[in-house]
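S.K.: got a structure for you, letters missing:
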């Protein structure tokens, strides 16, 4: 684990973007940039951090944690479903086949929690007993385990908005995903979540909930994007959950909660994150990586941009 002073020294405010000759920038997302060329995709994770559909700053080494942890998870789940990865030639880079994303993202939840207005807990606390069309029993308290994992599908949020809340029936009635394909997605998502829970438990963590993205490549369903990272999943430490009170987060919810405590929920200018807080967020991301993989996190060479340009000729092709 890196020390607090090392993490603070690595903080930068630069929201960099890569210029790759011969590759087209398809999308500059909140936490990664996507480039395409001849049926192939390069995903470059960045240290940008987002919440409330806003880029709020940078967290040192976050991009490397997301990229390398996703690569590890893809290997742990390859027997459940194929994925889009061709190679991971760099700490910040994944080379992938250019799959077509499905218009629906799948969130699987094992606990009732959350601080935003559309979170499962906030909806339940306001009296909804069938959020996303799924009946929930009375008497649940915040952070309670659900009777069984549930799927709450969404569509991708438009800029400045929240993810759309959907039911499985709406997905089918609107023709977003064909019934047989939706069944494949549903089955794969629950199996992936079960595997994630098992490996998190082994690492002294609890996989609370997570988001999966799927795509099609030559007619085959693939797992795409990132998997079971502190940006796409909530992880609690088992010890803190057993102790009661608010569980310790090793994920983006720790950052999101801080902003809510400052009175910020996505509107207007966000408060500036102190260096000590940024370093703490980075430490929690790295801790999740190390506990899950059982490997020490070793930062890759910096700066990211020159390294990627220099190594571009070495990237594999289809």
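M.R.: Alright, I've got the coordinates. It should be emphasised that the depicted structure is a prediction, and the values quoted were computed from it without experimental measurement. Numbers count the residues shown, from 1 in each chain.
S.K.: so where do the helices sit in the stretch 51-200 of the chain?
M.R.: With helices called from DSSP state H, counting those that start in this stretch, the stretch 51-200 of the chain shows them at 62-76, 120-125, 168-173, 179-202.
S.K.: would you mark the buried spots in stretch 200-216?
M.R.: Neighbour counts using 16 or more other Cβ atoms under 10 Å place 200, 203, 205-215 of stretch 200-216 among the buried residues. The C-beta positions use only the backbone N, C-alpha and C, and glycine is treated the same way.
S.K.: what's near enough to touch residue 144?
M.R.: With contact taken as Cβ atoms under 8 Å, 6 or more residues apart in numbering, residue 144 is in contact with 111, 112.
S.K.: now it: how far from residue 21?
M.R.: Residue 144 sits 53 Å away from residue 21, taking Cβ to Cβ, to the nearest Å as the criterion.
S.K.: check residue 274 too.
M.R.: Distance, residue 274 to residue 21, using Cβ to Cβ: 39 Å.
S.K.: who's more crowded, those two?
M.R.: Comparing residue 274 with residue 21 by other Cβ atoms under 10 Å, the one with more neighbours is residue 274, at 11 against 6.
S.K.: so the closest residue to residue 205 other than its chain neighbours: helix, strand or coil?
M.R.: Distances taken as Cβ to Cβ, 6 or more residues apart in numbering place residue 235 nearest to residue 205, at 4.9 Å, with adjacent residues excluded. Using DSSP: H, G, I helix; E, B strand; the rest coil, the secondary structure recorded for residue 235 is strand.
S.K.: roughly how far does the residue nearest in space to the middle of the chain sit from residue 139?
M.R.: Averaging the C-alpha coordinates of the chain gives a centre point, and the residue nearest to it by Cα atoms, centre = their mean is residue 232 (1.7 Å). In this structure, residue 232 and residue 139 are 30 Å apart, going by Cβ to Cβ.
S.K.: ditto for residue 249
M.R.: In this structure, residue 249 lies at 25 Å from residue 139, with Cβ to Cβ as the measure.
S.K.: going by neighbour count, which residues in stretch 66-75 are buried?
M.R.: Within stretch 66-75, the residues that qualify as buried are 66, 67, 68, 69, 70, 71, 72, 73, 74, counting by 16+ other Cβ under 10 Å.
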